[in-house]
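[1] model this:
(one chain, ligands or ions: 1)
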Amino acid sequence: MLVDGKWEGAITDQHIHLDRNNRFLDAISDFVNSGGTGIMLVHKPAFSGSLPTDLDGYRDAYNDTLDMASRVRESFQIDVGVVLGPHPVVWEKQIGELGMGRSTELHLEAIGLALDLIEAGEAHCLGEVGRPHYEVGQEIWQEANENLVEVMSMAASAGVSIQLHVEDNGEETCRELSEMCLKSGLPKQRAIRHFAPPDVSANFTHGLSTTVSVGKGSVDGLANSVTQADSPWGMETDFLDDPSRPGAVLGPKTIPKRTQELCSRLISDGLEIERVEEILSNVHSKWPKSLYGV
Ligand SMILES: [Zn+2]
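    Modelled structure (predicted):
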């Protein structure tokens, strides 16, 4: 609902990481005090520490994320969904240490475990899964794509959504992913491209869902494309909660701020109030509920 031109409804960050050794609850406090009402907490691999080399290691790592989600729920009156899965960059990094065969096997075992936890109601989405966002050799790229089709098939059978970590090759990336959805039987709307650019038009997304990284200037892109969207989209910070990478991603107050900016912009562009309310309530409430059940 809009009150005096200001959005007073739900505000959801669909992709945020937390770290109990860094800002953790303090970061959520910033989000809530700025108007935030819900998050999708995404599992963060210990890139700078030790990565799991067996399924027990994954169990411990996932439990840590689930436990942080519980702590947030205990401390704040906000909706908290959890996104669990093995990161494609971890898979690629571990090829050197474990070999391609074992790294892939571990990756798929970790997918299975995440799906079990989603089925048990502890988590709500598979992710971030996908493929390396940087250049890799031909053999690795092919394996990454085969793995991703397999992961999509598993998600399709389980009836869950996935958050996708992929390279940024614009519309081409979305086109390829939407073809992989068709191949695997995963409904395109259940494949959510994370860290997406601010173009939510159907021509760009090819029917995938997206969570847009709402950096400076993103409101222009959104305002220019919202009326041409035909699939769910949302907003994300990809906040990393890592003091060694300040400024690498957006801070926890960003989504509330951008939501108000987009709201004012759509009104000044001449959209009817009811239409603006419909868009913001889809983005922050209706679509997250349909994708994650949160
Ligand atoms: Zn992330």
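
[2] quick one: contacts of the lowest-mean-pLDDT helix or strand in the chain?
    Ranked by mean pLDDT, DSSP states H and E, the weakest helix or strand in the chain is strand 2-3, scoring a mean of 93. The contact list for strand 2-3 (Cβ atoms under 8 Å, 6 or more residues apart in numbering) reads 8, 263, 273, 276-277. Quick note: C-beta positions are derived from backbone N, CA and C, even for glycine.

[3] run the last query once more with 10 Å
    Contact with strand 2-3 is made by 8-9, 263, 267, 273-274, 276-277, 280, as judged by Cβ atoms under 10 Å, 6 or more residues apart in numbering.

[4] would you check how far apart Ser285 and Met1 are?
    11 Å (Cβ to Cβ, to the nearest Å).

[5] same check, this time on Gly35
    Distance of Gly35 to Met1, computed by Cβ to Cβ: 13 Å.

[6] and if you look at Arg59?
    Taking Cβ to Cβ, one finds Arg59 at 42 Å from Met1.

[7] circling back to that earlier point, now do the shared contacts for Gly35 and Met1.
    Counting by Cβ under 10 Å, 6+ apart, the residues touching both Gly35 and Met1 are 7-9.

[8] after the least confident helix or strand of the chain, next one along is what?
    Beyond strand 2-3 on the C-terminal side, the first helix or strand identified by DSSP states H and E is strand 6-7.

[9] contacts for that following strand?
    Taking Cβ under 10 Å, 6+ apart as the rule, strand 6-7 contacts 1, 35, 256, 259-260, 262-264, 276-277, 280-281, 284.

[10] what do you get if the cut-off is 8 Å, keeping everything else the same?
    Contacts of strand 6-7 (Cβ under 8 Å, 6+ apart): 1, 259-260, 263, 280.

[11] what about these, which are in helices?
    259-260, 263, 280 (DSSP state H).

[12] farthest pair in the residues you listed?
    For the ones in helices among the contacts of strand 6-7, the maximum inter-member distance is 9.9 Å, found between Gln260 and Leu280 (Cβ to Cβ).

[13] related to what we said a few turns ago, which single one of the contacts of strand 2-3 is nearest to Ile140?
    Using Cβ to Cβ, the contacts of strand 2-3 come closest to Ile140 at Leu280, 41.0 Å.
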